[in-house]
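Undergrad: Sequence below, structure please.
(one chain, ligands or ions: 1)
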Amino acid sequence: MKLKQLDVADVVEITPARHGDDRGYFSETFRDDWFRANVADMTFVQENQSLSRAVGVVRGLHFQSQPAAQGKLVRCVAGAIFDVAVDIRRGSPTFGKWVAATLTADEGNQLWVPVGFLHGFCTLAPDTIVSYKVTSYYDRSSDKGVAWNDPDIGVAWPELADPETLSPKDRQQPSLRELPAYFDFAAAEN
Ligand SMILES: Cc1cn([C@H]2C[C@H](O)[C@@H](COP(=O)(O)OP(=O)(O)O[C@H]3O[C@@H](C)C(=O)[C@@H](O)[C@H]3O)O2)c(=O)[nH]c1=O
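TA: Sure thing, here's the model as predicted:
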């Protein structure tokens, strides 16, 4: 497993080793002991998968409020994404800052998006399948978001990002400034 710290504390890119042979490769894509020791001492309780057919599909920026907040371990099993995490931990020196990684099925790299972050992505290839584990169960009433193009955050989305692909929910997300204070995440909640 290769670990790369991104420009916001606690957000890391993980690239599992691949053992190639004539048939293809074998890879351990997740190990609980390694993850706890090297990334975060968290338990994953749910695994999700989404298919986006078109290039430029944007999903996000999403989070679940407390007590259902989720850390997310994200990877592509087909295609590629521009994957984004935004720090919304009050008191964090990097509050409001975004970081991104290009995740591809070819490389098998993953992004760890801790509790206290918005998460979203844009597909870079057709028929992209994203798979991610989360540390809390889905809770519809805790499911929140922020506008993907909030100027205060200023994510530099790829040019092919297509606003027409946004879900009805994501067309109406508030700005980060409009988030009520009770969505606060403490900086230590990772
Ligand atoms: C996220 C989620 C959605 N759903 C349902 C609700 C809805 O009917 C349908 C589609 O949901 P959404 O439109 O929210 O799906 P989507 O826009 O793909 O939402 C996802 O976006 C990425 C960026 C994330 O970070 C995820 O945590 C999640 O928020 O699936 C579940 O049943 N369980 C879940 O865990």
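Undergrad: Same question for the longest helix anywhere in the chain: list its buried residues.
TA: For the chain, the longest helix by residue count, based on DSSP state H, is helix 32-38. Buried residues in helix 32-38, counting neighbours by 16 or more other C-beta atoms under 10 Å, are found at Phe35. Placement of C-beta: from N, CA and C, glycine included.
Undergrad: which helices and strands sit right next to the next helix-or-strand element following it?
TA: Using DSSP states H and E, the next helix or strand after helix 32-38 towards the C-terminus is strand 46-52. For strand 46-52, the elements it packs on are strand 128-134, judged by 3 or more C-beta pairs under 8 Å, 6 or more residues apart in numbering; DSSP states H and E.
Undergrad: In its sheet, which strands sit next to the strand it packs on, and in what direction?
TA: strand 46-52 (antiparallel), strand 72-78 (antiparallel) (DSSP bridges).
Undergrad: Just want the angle from the next helix or strand after the last one to strand 128-134.
TA: To tie it back to what came earlier, the one meant is strand 72-78. Later in the chain than strand 72-78, the nearest helix or strand by DSSP H and E is strand 80-87. Compare the direction of strand 80-87 with that of strand 128-134 by axes from the mean of the first three to the mean of the last three C-alpha atoms, to 10 degrees and you get 30 degrees.
Undergrad: How about the residues of this structure by the ligand?
TA: Contact residues, the chain versus the ligand (C-beta under 6 Å from any ligand atom): 48, 50, 59-60, 62, 72, 119-121, 138, 167, 169.
Undergrad: so where is this protein shaky, pLDDT-wise?
TA: Within the chain, the ranges that satisfy pLDDT under 70 run 181-184, 186-190.
Undergrad: okay, which residue is most central for it?
TA: In the chain, the C-alpha nearest the mean C-alpha coordinate belongs to His119, at 4.2 Å (C-alpha atoms, centre = their mean).
Undergrad: strand partners of the host helix or strand of that residue, parallel vs antiparallel please.
TA: Using DSSP H and E, His119 falls within strand 117-123. If you go by DSSP bridges, strand 117-123 pairs up with strand 58-64 (antiparallel), strand 80-87 (antiparallel).
Undergrad: Now it: buried residues?
TA: 117-123.
Undergrad: for stretch 48-64, same thing?
TA: Residues 52, 55-64 are the ones in stretch 48-64 that count as buried (16+ other C-beta under 10 Å).
Undergrad: Quick check: the two most widely separated of those?
TA: Val55 and Gln64 (27.8 Å; C-beta to C-beta).
Undergrad: any idea how far the residue nearest to Ser27 when sequence neighbours are not counted is from the ligand?
TA: Nearest residue to Ser27, sequence neighbours excluded (C-beta to C-beta, 6 or more residues apart in numbering): Arg18, at 4.6 Å. Remark: distance between Arg18 and the ligand (C-beta to the nearest ligand atom, to the nearest Å) = 26 Å.
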